[in-house]
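Peer 1: What follows is a predicted protein model with its sequence.
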Amino acid sequence: MSNPLVGIIMGSDSDLKVMSAAAELLEKFEIPFELTIVSAHRTPHRMIEYAEQAAERGLKVIIAGAGGAAHLPGMVASITTLPVIGVPVKSSNSIDGWDSVLSILQMPAGIPVATVALNGAANAGILAANIVGAFDQAVAVKLKAYKEELRDKVLTNVDKIDR
Ligand code: RP5
């Protein structure tokens, strides 16, 4: 794969079962990405280093997923100028995932995180592709085809149930 344009990071290997959906979408759109574990609480220095170096390494967008007290996306966004997409992950002992959702969504003014739905890593992958596709025509063409696929699937179902 050529130099990654998207960085997918997550707080723990236990997030991978959710976060792999973002990777699958980026593969579908043939966007080079990297994927690794960066924990805001357990590896804070690694998080700072990752966020500080992301733009100069050529990344264009970061997808950050975490559960519980999910500070990773917001802390990364506080350091980098790249757009950060936050994925709230429903971790096993959580209060229905509200802890993850609110700790990623409720950012203070000035430090935005584009927050997707609980466990919404697939949409994070698409949103990252949208950002890359704004500057890359080949990716934009693939995104258009994807939307057409979605439309056709709905129209097929319309044909099946209409009476
Ligand atoms: C968060 O705590 C991680 O992002 C994960 O969602 C959650 C649980 O982590 P583990 O205890 O499974 O490593 O930091």
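Peer 2: Received the coordinates, thanks.

Peer 1: alpha carbons only for contacts and neighbour counts from here, please
Peer 2: Will do.

Peer 1: Longest helix in the protein, please.
Peer 2: Longest helix in the chain by number of residues (criterion: DSSP state H): helix 137-161.

Peer 1: now whichever strand or helix holds residue 49, how far from the chain's geometric center?
Peer 2: For residue 49, the element it lies in under DSSP states H and E is helix 44-53. Relative to the centre of its chain, helix 44-53 is centred 18 Å away, using CA atoms, centre = their mean, to the nearest Å.

Peer 1: same for the following helix or strand past that helix, what does it pack against?
Peer 2: The helix or strand immediately downstream of helix 44-53 is strand 61-67, counting by DSSP H and E. Packing partners of strand 61-67 (3 or more CA pairs under 8 Å, 6 or more residues apart in numbering; DSSP states H and E): strand 6-10, helix 72-79, strand 84-89, helix 98-105, helix 121-133.

Peer 1: Report the angle between the third one and helix 98-105.
Peer 2: With axes from the mean of the first three to the mean of the last three CA atoms, to 10 degrees as the criterion, the two stretches strand 84-89 and helix 98-105 enclose an angle of 180 degrees.

Peer 1: Look at residue 78 and say how many residues are nearby.
Peer 2: 18 (other CA atoms under 10 Å).

Peer 1: Report the buried residues of the helix or strand harbouring residue 17.
Peer 2: For residue 17, the element it lies in under DSSP H and E is helix 16-28. Residues 16, 18-23, 25-26 are the ones in helix 16-28 that count as buried (16 or more other CA atoms under 10 Å).

Peer 1: likewise stretch 138-149?
Peer 2: Those would be 139-140, 142-143, for stretch 138-149 by 16+ other CA under 10 Å.

Peer 1: For the chain, what lies in contact range of the ligand?
Peer 2: For the chain, the residues in contact with the ligand (CA under 6 Å from any ligand atom) are 10-12, 14-15, 66-68, 89, 91.

Peer 1: Dump those residues to TSV, plus pLDDT.
Peer 2: Shown next, in TSV, are the residues of the chain next to the ligand (pLDDT from 0 to 100):
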residue	pLDDT
10	98
11	98
12	98
14	97
15	98
66	98
67	97
68	95
89	98
91	89
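
Peer 1: Buried ones from those, can you make that a ChimeraX selection?
Peer 2: Only the buried members of the residues of the chain next to the ligand end up in this ChimeraX selection, burial being decided by 16+ other CA under 10 Å:
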select :10,11,12,15,66,67,68,89,91
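
Peer 1: ok, so of the residues of the chain next to the ligand, who is nearest residue 99?
Peer 2: residue 68 (5.3 Å; CA to CA).
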